[in-house]
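Fold the following.
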Amino acid sequence: MITVWAPDGVPEVRRGDDLAALLLAVTELADGDVVCVTSKVVSKAEGRVVTGDRAAAVAAETRRVVARRGPLAIVVNRLGLTMAAAGVDTSNVEPGRVVLLPEDPDSSARALRESVATRARANVAVLITDTAGRTWREGQTDIAVGAAGLRVLDDHAGRDDGYGNELSVTAPAVADELAGAAELAAGKLGRRPFTVVRGRGDLVLAPGDHGPGAAALLRPEGADLFGLGTREAVLAALGTRDGDRTAFGTAVEPHDLAAILAELTGAAVTHQDDEVAVDTDDPHARWAAEVAAYAHGWVPVGGDGRGVRLRRSTP
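You can find the predicted model right below:
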């Protein structure tokens, strides 16, 4: 059985506050508990609340823009998280102030876990949570942006289901599932920054083993199939900016690119080793081939006036 509770009675958190002391003042913990704490109170305690313009803060926290629609920007922030507004928030804070995500959420989770272990003599896991949207779905849910002492992915690879089928890619993101359960118990407006999940001690690591942290849940740059928004992907391919190449992922194999370009242009396309050649005297077909090739990790290296030769631009 899983039990989830979010205790009341936590005062307003300010810079320098001892989060472990605030937590232990409102609840008792036991071995195997998972403590979830909102990123906002971690940021407040660590002095990550600043005075200034929200747009400027978002720009400073942004590593790459994924998609933009009017004032809304989905970006990859400095932590590698893909989030709206880089995770910068202006709620539950004085007007004119903005809250940035913790400098290093995994480190913050480790520090809180160690402090709780020393004071409460309990081996718990700690998650730092924040709210994020979901691709293809309305609404938001909480996810883990920091973790310590938890197996964040429950990898089922190699196991069999009830029918004897071997599982290969099933890996529940249990850290995010626990974060969502915590938000359900705490609510958005209840001023309950701590939540305790009891009943999944099987996911909690041994004392001193903090695990890989929530950073293990991030896909490497270029490994995501949706590295750019639909409009942004078109513009990036047309503009052929070097900084956008990684968002398209690794280069496709020569035979795959040849098949794509043959269907797109209707021209004869050949390939060998790391070169693909499109044989056409149609300027539009050559242009289309170059744009499509760029989006698949290839760039033109020249031609004979009739066509275009292409080589890989990304590993």
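
so how many other residues sit close to I2?
Close neighbours of I2, defined as other CB atoms under 10 Å, add up to 10. C-beta: built from backbone N, CA, C; applies to glycine.

how close does it sit to L81?
Per CB to CB, to the nearest Å, I2 is found 26 Å from L81.

for N92, same thing?
20 Å.

Looking at these two now, which is surrounded by more residues?
L81 (22 against 15).

Quick check, the more buried one in contact with L218.
Yes: assessed by CB atoms under 8 Å, L81 is found in contact with L218 at 7.0 Å.

where exactly do the helices run in the stretch 151-300 of the chain?
For the stretch 151-300 of the chain, the helices defined by DSSP state H, counting those that start in this stretch occupy 174-186, 230-239, 254-265, 283-295.

Just name the most buried of those helices.
Highest mean neighbour count of the helices of the stretch 151-300 of the chain: helix 174-186, a mean of 21 (counted as mean count of other CB atoms under 10 Å).

on contacts alone, who are the packing partners of it?
Contact analysis of helix 174-186 by 3 or more CB pairs under 8 Å, 6 or more residues apart in numbering; DSSP states H and E lists strand 3-5, strand 34-38, strand 125-134, strand 137-148, strand 194-198 as its packing neighbours.

what does the helix or strand following the first one contact?
Reading on from strand 3-5 to the C-terminus, the next helix or strand found by DSSP states H and E is helix 19-24. Counting by CB atoms under 8 Å, 6 or more residues apart in numbering, helix 19-24 makes contact with 10-11, 13, 29, 35, 37, 41-42, 45, 112, 115-116, 119-120, 194, all of which sit outside it.

Of the residues you listed, which qualify as buried by neighbour count?
10, 13, 29, 35, 37, 41-42, 45, 112, 115-116, 120, 194 (16 or more other CB atoms under 10 Å).

Point out where the protein drops to low pLDDT.
Applying pLDDT under 70 to the chain flags residues 156-170, 240-243, 303-305, 314-315.

Give me the angle between the helix ranked longest in it and strand 125-134.
When the chain is parsed with DSSP state H, its longest helix is helix 105-120. Helix 105-120 and strand 125-134 are oriented at 150 degrees to each other (axes from the mean of the first three to the mean of the last three CA atoms, to 10 degrees).

Residue numbering should commence at 586 henceforth.
Shifting the count to begin at 586 puts that one at helix 690-705.

and helix 690-705, what does it pack onto?
Counting contacts by 3+ CB pairs under 8 Å, 6+ apart, helix 690-705 packs against helix 604-609, strand 619-623, helix 624-630, strand 710-719, strand 722-733.

Among the ones you listed, which comes closest to A641?
helix 624-630 (17.1 Å; CB to CB).

Name the surrounding residues that touch the next helix or strand after the closest one.
Going down the chain from helix 624-630, the next helix or strand is strand 634-636, by DSSP H and E. Residues from elsewhere that reach strand 634-636 (CB under 8 Å, 6+ apart): R600, S628, A642, V678, G681, R682, V683, V684, L685.

ok, now with 6 Å
G681, R682, V683, V684 (CB atoms under 6 Å, 6 or more residues apart in numbering).

Of the residues you listed, which is the nearest to A671?
V683 (10.6 Å).

Make sure the closest one is actually in contact with R639.
Yes: using CB atoms under 6 Å, V683 is in contact with R639, at 5.2 Å.
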